[in-house]
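Participant: I would like to see how this sequence folds:
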Amino acid sequence: MSQPTSTSGPSAQTDGEQRHPLLAGLRDARDLKELSSENLEQVAAEIRDVLCNLLATRTAHFASNLGVVELCLALHSEFDFLSDRLIWDTGHQVYPHKLVTGRYHQFESIRTRGGLMGYPNPHESDYDLFMTGHAGSSVSTAVGLRSGDVLGEQSDRRTVAVIGDGAFPSGIVFEALNNAGELGQDLTIVLNDNKMSICHRTGAVASYLDRLRNNPFYTGLKHEVGRLLDHVPMFGDPAERLLAQMKEGVKAGLLGGMLFEELDIRYIGPIDGHDIPLMRKYLKMCKEISGPVLLHVVTEKGHGYTPAAEDPVFFHTPPAFEDRGGKPVTRGSEGCPPYTTHARDAIDEAMKNDKRVTVITAAMCQGNKLEPVREKYPDRFFDVGICESHAVAFAGGQCKTGMRPIVDIYSTFLQRSYDQIFQEVSLQDLPVVFMMDRAGLTGPDGPTHHGVYDIGYMRLFPNLALMAPGYAAELPMMLHAALAHDHPTGIRYPKASALELDHTPEPIEIGKCEWIRQGCDGTIVAYGAMLEQAIAAAESLEGELSVGVVNARFVKPIDHEMVHQTLSSGHFVVTLEEGTIVGGFGSAFLESAVEQRLDTRLVHRLALPDEYIQHGDRPDLLADQSLSPEGIAGVCRDAAAQVSVG
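Facilitator: Numbering: from 1, shown residues only. The predicted structure follows:
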């Protein structure tokens, strides 16, 4: 592909239209039906150029989108998804779809505050039906869509679910396939097989798909049968179409696709996912077949940009880079190491010191920076794929044998295993350690990925101790305390640089806070990484107000003595957290105050509101909710004024 050029500046739109004439001229995806195969190939090249230009300005999902360009064009060329139904699973591969559905001229705003979302968004376009940020739900929603259309006498509408092979082993997928086969309604499931999740996929289902991709079916008798069947035309009269469908049925038996056939789901493929005319033929065939069909499409993650194809793990969501003659040059990182790095190092140290310690992740080895741990301790590292429920129950089983498993998982994905946290861990009182990465606002990933609910959905379970580090040095101490605790624990931390505090940490004691500074006018009680903003706010008020700062450390058990001490003075208290205000740390603080019959009128809760927070840079999103140092200081001033008036 050609070297991308920058599209920033006042003439960006004009330059973009000149560079991408076919793409810029699309009113919506229906215009693709009028284009020749050669023109569709040109649109594919223009899409890839747009994607490379985007990565020159910001981090974004990249390799996965490069891999589905031709698939996207083939789908929109054969279906009308303003009437038909299309679900992308997961939604981070939706950039080409957005570019051909009338959003080319807004595309440079993607993943920025107020701009296009990096996932499907029904508020942006009628082409988007669901915000699909989590993997595995496409087949279920597609079965529901088809069922509803049949009941609503709209059976002429086609339904297509595109699901990646990394998402395919999710338990909900097989629940949906079971239901789809029983219902027998028309449905096309496109299995986009690129041998990847974010990292390389794992598990027996992955091995099965590899066999479907790689087993030669033109050898011996298979060769002769396949050779004869390949002469059957794809199009023509009904008899020819029937023969074509029979051909694919025989191939399914030869290849091993009978797993799906036995579920009453017709298996077709595998086919080249970068051959647009071929895919159009097969998609047309799928429309002719009665009942559910699975079309196995083989693609290459990162296709069309050699560095991304050679290293699809790094280029899944790479940092912003400049392409220099086919060689990407990334920008240097600034600031302190993120909490994720400190968590990785703490896990490494724990595994070195205790052979009972294991680590379990759900297809997020790279996101959690666990590659060095996997290499050093392969026997105690378990990547179970996008199967969070299994990950937690699996950890419970390990605990029963005396192991000390760490489930290292994003906050927003851990909630997929809610029942297992309840039944297999908390109810059994097993010492599983949950490391909840990306807790809080995840910036440009938006509402599907913000990890703002873990405080509320975890703290109600008996036996669970929940903590959050306020600065870098605390994280390894908390992990050590959690592994020594004979009950389940959770540690949350954000997608942010960890505060390097010039301070000697007090030892971690379950249920005890840490005082950072004293104040005689009021106190800010910060839970977790919001400690940095709390300290900055208190320092900005010096000479105006004397404000103490507490590093809460624990939301459960909360430090009742700290609650009593901060409220019994008659001064204001501001609770601070990067989580939802409903059921969060502030709620726990108030519950403790009520139990102790303290005056709760002095408490001001600062948290995220009871609404979905959109995408944008984390500092901007925090500032919107008065969670910046300036906003916190303003709340402290108002609280102090209320105390003086009272």
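Participant: How far off centre is the host helix or strand of Lys281?
Facilitator: Assigned by DSSP states H and E, Lys281 belongs to helix 276-288. Here helix 276-288 is found 31 Å from its chain centre; the criterion is Cα atoms, centre = their mean, to the nearest Å.
Participant: Which neighbouring elements make contact with it?
Facilitator: Here helix 276-288 touches helix 37-55, helix 69-78, strand 187-193, helix 238-255, strand 266-272, strand 292-298, going by 3 or more Cβ pairs under 8 Å, 6 or more residues apart in numbering; DSSP states H and E. No exception for glycine: its C-beta is placed from N, CA and C like everyone else's.
Participant: Go again with 10 Å.
Facilitator: helix 37-55, helix 69-78, strand 159-164, strand 187-193, helix 238-255, strand 266-272, strand 292-298 (3 or more Cβ pairs under 10 Å, 6 or more residues apart in numbering; DSSP states H and E).
Participant: For stretch 449-457, list the C-alpha coordinates in CSV.
Facilitator: C-alpha atoms of stretch 449-457 as CSV (Å, rounded to 0.1, in the frame of the first residue of the first chain):
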residue,chain,number,x,y,z
HIS,A,449,-15.1,-0.4,28.2
HIS,A,450,-15.2,2.1,31.1
GLY,A,451,-14.6,0.0,34.2
VAL,A,452,-16.8,2.0,36.5
TYR,A,453,-19.1,-0.7,38.0
ASP,A,454,-16.7,-3.1,39.8
ILE,A,455,-17.0,-1.3,43.2
GLY,A,456,-20.7,-1.7,43.2
TYR,A,457,-20.9,-5.2,41.7
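Participant: what's the average pLDDT for it?
Facilitator: The average pLDDT for stretch 449-457 rounds to 96.
Participant: ok so, going back, out of the helices and strands packed on helix 276-288, flag the one nearest Pro431.
Facilitator: strand 159-164 (34.3 Å; Cβ to Cβ).
Participant: what pairs with the closest one, and is each one parallel or antiparallel?
Facilitator: If you go by DSSP bridges, strand 159-164 pairs up with strand 85-89 (parallel), strand 187-193 (parallel).
Participant: for these, which one sits closest to Lys495?
Facilitator: Of the strands paired with strand 159-164, nearest to Lys495 by Cβ to Cβ is strand 85-89, at 23.0 Å.
Participant: In this protein, where is pLDDT below threshold?
Facilitator: Where the chain drops to pLDDT under 70, the residues are 1-16, 196-202, 212-257, 331-334, 645-646.
Participant: Spit out the contact partners of the residue lying closest to Ile189 once chain neighbours are set aside.
Facilitator: Counting by Cβ to Cβ, 6 or more residues apart in numbering, the nearest residue to Ile189 once its immediate chain neighbours are dropped is Leu294, at 4.6 Å. Leu294 makes contact with 139, 161, 163, 168, 177, 180, 187-191, 252, 257, 259-261, 263, 265-269, 286 under the criterion Cβ atoms under 10 Å, 6 or more residues apart in numbering.
Participant: at 8 Å what do you get?
Facilitator: Listed by Cβ atoms under 8 Å, 6 or more residues apart in numbering, the contact partners of Leu294 are Ile189, Val190, Leu191, Gly257, Phe260, Ile265, Arg266, Tyr267, Ile268, Gly269.
Participant: do Pro21 as well
Facilitator: Pro21 neighbours (Cβ under 8 Å, 6+ apart): Glu46.
Participant: how near is it to Glu46?
Facilitator: Per Cβ to Cβ, to the nearest Å, Pro21 is found 8 Å from Glu46.
Participant: Met364 now?
Facilitator: Met364 is 32 Å from Glu46, where distance means Cβ to Cβ.
Participant: re earlier: so what sits against both of Pro21 and Glu46?
Facilitator: With Cβ under 8 Å, 6+ apart applied, the contact sets of Pro21 and Glu46 do not overlap.
Participant: Report the beta-bridge partners for Val550.
Facilitator: Following DSSP bridges, Val550 is listed with bridge partners Trp515, Val525.
Participant: What separation is there between it and Arg158?
Facilitator: Counting by Cβ to Cβ, the gap from Val550 to Arg158 is 58 Å.
Participant: Pick out whichever of these two has more residues nearby.
Facilitator: The residue with more neighbours, out of Val550 and Arg158, is Val550; 28 against 21, by other Cβ atoms under 10 Å.
Participant: coming back round to it: could you dump the strands paired with strand 159-164 into CSV with mean neighbour count added?
Facilitator: Converted to CSV, the strands paired with strand 159-164 look like this (neighbours: other Cβ atoms under 10 Å):
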stretch, mean neighbour count
strand 85-89, 26
strand 187-193, 27
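Participant: Arg517: which of those is closest?
Facilitator: Across the strands paired with strand 159-164, Arg517 has its closest neighbour in strand 85-89 (48.5 Å, Cβ to Cβ).
Participant: The longest strand along the chain - contacts with which helices or strands?
Facilitator: Taking DSSP state E as the criterion, the chain has its longest strand at strand 572-580. Other elements packing on strand 572-580 under the criterion 3+ Cβ pairs under 8 Å, 6+ apart are helix 454-459, strand 522-526, helix 585-595, strand 603-608, helix 629-645.
Participant: That one versus strand 603-608: what angle between them?
Facilitator: 20 degrees (axes from the mean of the first three to the mean of the last three Cα atoms, to 10 degrees).
Participant: export the strands paired with strand 159-164 to JSON lines and tack on distance to Asp383?
Facilitator: Shown next, in JSON lines, are the strands paired with strand 159-164 (distance: least, Cβ to Cβ, whole Å):
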{"stretch": "strand 85-89", "distance to Asp383": "20"}
{"stretch": "strand 187-193", "distance to Asp383": "18"}
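Participant: Nearest to Thr448 among the ones you listed would be which one?
Facilitator: Once the strands paired with strand 159-164 are compared by Cβ to Cβ, strand 85-89 is nearest, at 12.3 Å.
Participant: got the CA coordinates for that closest one in CSV?
Facilitator: Extracted in CSV, the C-alpha atoms of strand 85-89 (Å, rounded to 0.1, in the frame of the first residue of the first chain):
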residue,chain,number,x,y,z
ARG,A,85,-29.5,-6.8,9.9
LEU,A,86,-25.7,-6.7,10.6
ILE,A,87,-23.9,-7.3,13.9
TRP,A,88,-20.1,-7.0,14.2
ASP,A,89,-18.5,-9.0,17.0
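Participant: outside of that strand, which residues touch it?
Facilitator: 75, 79, 94, 97, 120, 127, 129-130, 132, 135-139, 141-142, 145-146, 149, 157-164, 167.
Participant: how's this protein carved up into domains?
Facilitator: 12-215+256-310, 339-492, 514-645 (automatic domain parsing).
Participant: quick one, which of the helices and strands packed on helix 276-288 is nearest to Val603?
Facilitator: helix 37-55 (44.6 Å).
Participant: Could you name the helices and strands sitting against that closest one?
Facilitator: Going by 3+ Cβ pairs under 8 Å, 6+ apart, helix 37-55 lies up against helix 12-19, helix 21-24, helix 63-67, helix 69-78, helix 95-100, helix 276-288.
Participant: Flag every buried residue along that helix.
Facilitator: 40, 42-55 (16 or more other Cβ atoms under 10 Å).
Participant: chain center to that helix: distance?
Facilitator: Using Cα atoms, centre = their mean, the offset of helix 37-55 from its chain centre is 25 Å.
Participant: Got the phi and psi for Phe381?
Facilitator: The phi/psi pair for Phe381 (degrees, to the nearest 10) reads phi -110, psi 130.
Participant: Neighbours of it, how many?
Facilitator: By other Cβ under 10 Å, neighbour count at Phe381 equals 19.
Participant: Lovely, talk soon.
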